[in-house]
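**Q** Here is a sequence with its predicted model. Questions after.
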Amino acid sequence: HINAKLFSKMRNPNYHASRKTIIALGLALELNITEFEIFLSSANYAFSLNNTFDIAIIYCIEHKIYDIFEVNEIIYELGL
């Protein structure tokens with residue numbers, strides 16, 4: 001679910017992806033929690049246990065829910 005324009009931007013070494021883009025890519029790559037935390041930190045981001053969105057993403061990773069539509073449904077059900 002990455003369009004050609006975004007993919008082209010991502011190939012630029014000066015491009016800094018948004019946090020949500022990094023999370024979407026991590027889900028697409030089906031990273032486990034350790035890999036995901038390393039991936040986030042490589043883009044200068046981290047999970048926060050004070051953030052409901054992050055808790056939902058962590059839940060999805062731990063339960064191997066990587067389908068973006070299922071993840072979005074869980075996030076929607078939480079009112080996020």
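**A** Here it is on my side, so go on.

**Q** which non-adjacent residue is nearest the most centrally placed residue in the chain?
**A** The centroid of the chain falls nearest to residue 23 when counting by CA atoms, centre = their mean (1.1 Å). Distance criterion CB to CB, 6 or more residues apart in numbering; nearest residue to residue 23, sequence neighbours excluded, is residue 57 at 5.9 Å. From N, CA and C alone the C-beta is placed, and that goes for glycine too.

**Q** And the one you found, which helix or strand is it part of?
**A** Here residue 57, judged by DSSP states H and E, is contained in helix 52-62.

**Q** what angle sits between the very next helix or strand once past that helix and helix 52-62?
**A** Sequence-wise, the next helix or strand downstream of helix 52-62 (DSSP H and E) is helix 68-77. Helix 68-77 runs at 140 degrees relative to helix 52-62, counting by axes from the mean of the first three to the mean of the last three CA atoms, to 10 degrees.

**Q** just checking, what packs against helix 68-77?
**A** In terms of contacts (3 or more CB pairs under 8 Å, 6 or more residues apart in numbering; DSSP states H and E), helix 68-77 is packed against helix 19-28, helix 52-62.

**Q** What lies in contact with it?
**A** 1, 24, 27-28, 53, 56-57, 59-60, 65 (CB atoms under 8 Å, 6 or more residues apart in numbering).
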